[in-house]
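Colleague: Need the 3D shape of this:
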Amino acid sequence: MIIRYATIQDLIDFMRDIRPLDKKEAEMSLEYHLESSRLKDLSHALVLVCEDKIMALGGIQDDYRVWCLCTRYVEDKKYTYKFLRAMKRYLNHLLTTVPYLHNYAWKGNPLHIKWLSFMGATFTERTEDSEFIDFYFDGKKGVD
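Modeller: A predicted model of the protein is given here:
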């Protein structure tokens with residue numbers, strides 16, 4: 001698996017293969033409207049690629065907000081554990097460069113929550129919107 005900056009072709013391939021629940025979650029967020037033409041917002045996006053398949057698209061915003069959307073390939077048992085191990089290694093690397101990472105997840109996407117738990121996220125309930133749950137990764141601790 002490799003992680004690299006996304007190309008326009010990667011974005012096209014990603015949109016063709018995005019997990020439906022990840023797309024719905026992104027569309028629910030005011031910040032990541034995938035149908036918009038704001039390509040500049042994705043200019044620093046990264047892709048995780050395995051065997052020429054886009055597994056995930058993600059990045060980090062200036063306020064240490066981390067985001068990641070996945071394609072249907074990550075649900076294939078052939079790739080799931082490779083994907084999770086690669087993401088955990090990359091997350092540990094990121095946490096050596098920033099004090100923390102944070103964002104929120106839609107509770108209606110249980111696989112997203114499960115994987116965040118596997119990655120070692122700490123969750124806190126939201127008071128303003130119960131459909132989402134806040135999470136963070138502490139840079140001082142890293143992840144196991």
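
Colleague: For stretch 99-107, what does the pLDDT average out to?
Modeller: For stretch 99-107, mean pLDDT rounds to 94.

Colleague: Apologies, that question was intended for stretch 126-133.
Modeller: Here the average pLDDT along stretch 126-133 is 83.

Colleague: what's next to that stretch, contact-wise?
Modeller: Under the contact criterion CB atoms under 8 Å, 6 or more residues apart in numbering, stretch 126-133 has outside partners 28, 104-108, 113, 123-125, 134. Using the backbone N, CA and C atoms, a C-beta is placed for each residue, glycine as well.

Colleague: Could you identify the buried members of those?
Modeller: 104-106, 113, 134 (16 or more other CB atoms under 10 Å).

Colleague: Secondary structure added to those residues, as a markdown table?
Modeller: Below are those laid out as a markdown table (DSSP: H, G, I helix; E, B strand; the rest coil):
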| residue | secondary structure |
| --- | --- |
| Tyr104 | strand |
| Ala105 | strand |
| Trp106 | strand |
| Ile113 | helix |
| Asp134 | strand |
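
Colleague: hey, what's Phe132 bridged with?
Modeller: Trp106 (DSSP bridges).

Colleague: residues near it, how many?
Modeller: Neighbours of Phe132 under the rule other CB atoms under 10 Å: 19.

Colleague: cool, Leu95 as well?
Modeller: 19.

Colleague: if I read this right, it contacts Leu101, doesn't it?
Modeller: Yes - counting by CB atoms under 8 Å, Leu95 touches Leu101, with 6.9 Å between them.

Colleague: elements contacting the longest helix belonging to the chain?
Modeller: In the chain, ranked by residue count with DSSP state H as the criterion, the top helix is helix 77-94. Under the contact criterion of 3 or more CB pairs under 8 Å, 6 or more residues apart in numbering; DSSP states H and E, helix 77-94 touches strand 46-50, strand 53-60, strand 66-70, helix 110-119.

Colleague: Now for Leu95 and Leu101: what residues contact both?
Modeller: 137, 139.

Colleague: Leaving out chain neighbours, which residue sits closest to the residue nearest the centre of the chain?
Modeller: Centroid check for the chain by CA atoms, centre = their mean gives Cys68 as the closest residue, at 1.3 Å. Nearest residue to Cys68 in three dimensions, chain neighbours excluded: Gly58, at 3.5 Å (CB to CB, 6 or more residues apart in numbering).
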